[in-house]
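1. Provide a 3D model corresponding to the input given below.
(chains A, B, C and D)
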Number of protein chains: 2
Amino acid sequence: MDEKDDFALQDFLPYLLNRAAEESSLGFQKHYKNRYGMLRTEWRVLFHLGNYGQMTAKEIGSRAKIHKTKISRAVAKLAEKRFVTRTRDENDRRSEHLALTPAGEAAYKDLREHALEFDTRICARFTTGEVAILRYMLRNLAGIEP
Amino acid sequence: MDEKDDFALQDFLPYLLNRAAEESSLGFQKHYKNRYGMLRTEWRVLFHLGNYGQMTAKEIGSRAKIHKTKISRAVAKLAEKRFVTRTRDENDRRSEHLALTPAGEAAYKDLREHALEFDTRICARFTTGEVAILRYMLRNLAGIEP
DNA sequence: GGATATTAGTTGTTTTTGTAACTAACAAGG
DNA sequence: CCTTGTTAGTTACAAAAACAACTAATATCC
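-> Below is the predicted model of the structure:
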């Protein structure tokens, strides 16, 4: 019908990226959802604390590019579950330092195990070189410094 | 603190994919959001109809893996905007064939132009070979046949 | 020091999504 | 036909996200 049919929707990167992201999220979601009743933002916060150690909500937000309201609510839920503790900064009493409790640490380790497995299974479909390129490109697209 | 620190959150594929997808969506979103007041699902439906031609809601859903309730609502909005028409199938009066109106066609062409530009700009950061690998891998991850 | 602006984080309200239950049309088996 | 099952699409309600407005603490600059 049209002269300009060199555009294929299924090649459009935002579309492809979203579908791939959705698909992979769905696969991993059941681990943190069923097992710990967590939401996506919650496990992200948990992973940040587990992976990088104690930090403030602000720091998590800027690292993970999650909006502060989402962080605030996720932290509240995690604190409710006794997975994180909040301690006021004595120099700047507006901010508080978040850290994992032993229970949070345990959940983190458990989920990390599953994440690792999950990641490995995905990568198994491709060659090592391909996976390296994918990660490099995704990091670039996500705006994460190499 | 731990022996198993070979896990880096910023390399975890579901995380990377989501961040990359979000970032790229955000960039493209303003075109359909500001200009046409559309939601993500709406432009997807529009694109499907523009790209593949007339089809039913069911078909769009299975092609794009969008849930039928989302499609239903998106189609309702698009029909409100006079971008699509619905015609009952005379053989099976449960389903209806969706097609773009001239206005819908115009919006599609406009957005397709922007999409193409946007895609080109993204790809410019990488080599042709890298982009080919990326698309191939994303299609695979998204569960789209090559 | 005190008015003004910023910043960390929270709370409230509106949109958007997800899930389940529903209607209407068809299909199949008896 | 007529019960039972399935399918296309809608609607209703609950969960989650987006956005704006708020509190409280600190920083700035006159």
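2. Per-residue pLDDT of the closest residue to A:Leu78 other than its chain neighbours, please?
-> Using CB to CB, 6 or more residues apart in numbering or on different chains and skipping residues adjacent in sequence, the residue nearest A:Leu78 is A:Val84, 4.6 Å away. For glycine as for every other residue, the C-beta is placed from the backbone atoms N, C-alpha and C. Per-residue pLDDT puts A:Val84 at 98.
3. and A:Val84, what is it in contact with?
-> A:Val45, A:Leu46, A:Leu49, A:Val75, A:Leu78, A:Leu98, A:Ala99, A:Leu100, A:Thr101, A:Gly104 (CB atoms under 8 Å, 6 or more residues apart in numbering or on different chains).
4. Can you tell me the element the second one falls in?
-> Using DSSP states H and E, A:Leu46 falls within helix A:40-52.
5. now the residue nearest to the spatial centre of chain A, nearest residue through space, not along the chain?
-> Residue closest to the average C-alpha location in chain A (CA atoms, centre = their mean): A:Arg44, at 4.0 Å. Closest residue to A:Arg44 apart from its sequence neighbours, by CB to CB, 6+ apart: A:Ala64 at 5.7 Å.
6. what sits against A:Glu22?
-> Counting by CB under 8 Å, 6+ apart, the residues that A:Glu22 touches are B:Ala21, B:Lys65, B:Ala142.
7. please redo it, this time with the cut-off set to 10 Å
-> Shown in contact with A:Glu22 (CB atoms under 10 Å, 6 or more residues apart in numbering or on different chains): B:Pro14, B:Leu17, B:Asn18, B:Ala21, B:Lys65, B:Ile66, B:Leu141, B:Ala142, B:Gly143.
8. Surely the second one and B:Ser25 touch.
-> Looking back up the chat, that one is B:Leu17. No. When contacts are counted by CB atoms under 10 Å, B:Leu17 is not listed as touching B:Ser25 (12.0 Å).
9. Please say which of those two ends up with more neighbours.
-> B:Leu17 (27 against 15; other CB atoms under 10 Å in any protein chain shown).
10. Got phi/psi on the more buried one?
-> As for B:Leu17, its main-chain torsions (degrees, to the nearest 10) stand at phi -60, psi -40.
11. Assign A:Arg93 to one of the three secondary structure states.
-> coil (DSSP: H, G, I helix; E, B strand; the rest coil).
12. what's around it, how many residues?
-> For A:Arg93, using other CB under 10 Å, the count is 8.
13. can you tell me how far it sits from A:Thr87?
-> 11 Å (CB to CB, to the nearest Å).
14. mind listing the strands for chain A?
-> Along chain A, the stretches classed as strands by DSSP state E are A:55-56, A:84-88, A:96-100.
15. Compute the inter-axis angle for the second one and strand A:96-100.
-> Orientation of strand A:84-88 against strand A:96-100 (axes from the mean of the first three to the mean of the last three CA atoms, to 10 degrees) gives an angle of 160 degrees.
16. Tell me if strand A:84-88 is near DNA strand D.
-> No. Contact between strand A:84-88 and DNA strand D is absent, the nearest approach being 8.6 Å (criterion: CB under 7 Å from any atom of the strand).
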